[in-house]
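Asks: pasting the structure only:
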């Protein structure tokens, strides 16, 4: 669950910061450009949102079965 929320928060923060920077946020010679790219890669490496949500739902089902 935390992995999914962390990747969402990272992507959202980087996107908003790039918007605040305006044109400089999309230039390829700034650190912001790298951070936006890393936040997108983080979601891919961590698994897509749908896969992460599926894993979380399966874990929740297992917990409910134990109760």
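Replies: Nice, thanks for sending it over. Note that the structure is a prediction, hence the values are computed from the model and not measured.

Asks: give the next helix or strand downstream of the worst-scoring helix or strand of the chain on mean pLDDT.
Replies: Taking mean pLDDT, DSSP states H and E as the measure, the helix or strand of the chain with the lowest value is helix 31-45, at a mean of 80. Downstream of helix 31-45, the next assigned helix or strand under DSSP states H and E is helix 49-66.

Asks: rewinding a little: what comes up buried for the least confident helix or strand of the chain?
Replies: Buried positions in helix 31-45, judged by neighbour count with 16 or more other CB atoms under 10 Å: 32, 33, 35, 36, 39, 43. Just so you know, the C-beta spots here come from the backbone N, C-alpha and C atoms, and that holds for glycine as well.

Asks: also stretch 8-23?
Replies: By neighbour count on 16+ other CB under 10 Å, the buried set for stretch 8-23 is 10, 11, 14, 18.

Asks: what lies in contact with it?
Replies: With contact meaning CB atoms under 8 Å, 6 or more residues apart in numbering, stretch 8-23 is reached by 25-26, 30, 32-33, 35-36, 38-40, 42-43, 49.
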